[in-house]
Structures are given as structure tokens and as C-alpha cells.
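Student: Sharing a sequence plus its predicted fold:
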Amino acid sequence: MVTFFRKSLNNNKLVCNELQKLLGVGFMRAHLICGLLGLNPKLKVENLSRQNVDSIKHLLDFRFYTGPDLVKINNLDLKRLISLNCYRGLRHRRKLPVRGQRTNTNAKTARKSKRYVEEN
């Protein structure tokens, strides 16, 4: 069983489909990875050699932002917007929709403040 960023890939499925389970890897990036490494997109995970697995890991580590690195970058971008006090940062701070959506009748989930539930 192959593991990337604490995600186990199913051996019976195609490599491109299983790579899409990783955070930051979608359809296009999965097919790009297969193309760069010369892998057949219809190849199953169980048929990958150790060398192929290592090359995929190397490519994911040094070419793309994936997994925990992507989460860290997104959080830093949000903190930067909030610290700049720009419009988008203020909307994030107030937990309102950021991209111009209406708030009169919709966006109730965006307006709800997070409530803490006490467990006994």
C-alpha cells in the first residue's frame, strides 16, 4: 500500500484517480504528474514500482504545494489579509461572504458565529 502525506492509496484503483485524493492535487495536476513521469494514466497503484513511488513523492515535494504545506500557505495568506485591514480581510474577520455575495437573505452559515458546545 502506497502512502503520501498520511493518505493511503487504494491498490486496486488507477494512479491518476488515487492521486486526486491528496490535498492540492486535482484532475489536471494528477494527469500532469503522470505525464511528467511517463506513467500510463490507466496504470493501477499496485503495479507501481518503488522507483515510480519515490519519483512521485519527489515531484510532489519539490514541484507543487500539497498537503500540509498548502494548508500553511493558505492560513498565512488569510492572516496577511486580516493584518492589512483590507476589505477582504475585514470580511474574513467578520465571517461574512468575501466575494460580493448578498447577505440580506442568504449566507446564514457564513454569518453564524462558531458556537462552542460544552460536553459533560
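Tutor: Structure's in. What do you need? Residues are numbered from 1 along each chain as shown.

Student: Okay, now the unreliable bits of this structure?
Tutor: Applying pLDDT under 70 to the chain picks out residues 109-120.

Student: what about the helices in it?
Tutor: 15-19, 27-37, 50-62, 68-84, 87-93, 108-111 (DSSP state H).

Student: so which of those helices is the most packed in?
Tutor: Neighbour counts (mean count of other Cβ atoms under 10 Å) averaged over each of the helices of the chain peak at helix 15-19, with a mean of 22. From N, CA and C alone the C-beta is placed, and that goes for glycine too.

Student: which other helices and strands contact that one?
Tutor: On a contact count with 3 or more Cβ pairs under 8 Å, 6 or more residues apart in numbering; DSSP states H and E, helix 15-19 meets helix 27-37.

Student: so which of the helices of the chain gets nearest Gln101?
Tutor: In terms of Cβ to Cβ, the element of the helices of the chain nearest to Gln101 is helix 108-111, at 8.1 Å.

Student: Could you provide the helices of the chain in CSV, with additional columns for distance to Met1?
Tutor: Listed next are the helices of the chain as CSV, based on distance: least, Cβ to Cβ, whole Å:
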stretch, distance to Met1
helix 15-19, 11
helix 27-37, 18
helix 50-62, 11
helix 68-84, 21
helix 87-93, 39
helix 108-111, 37
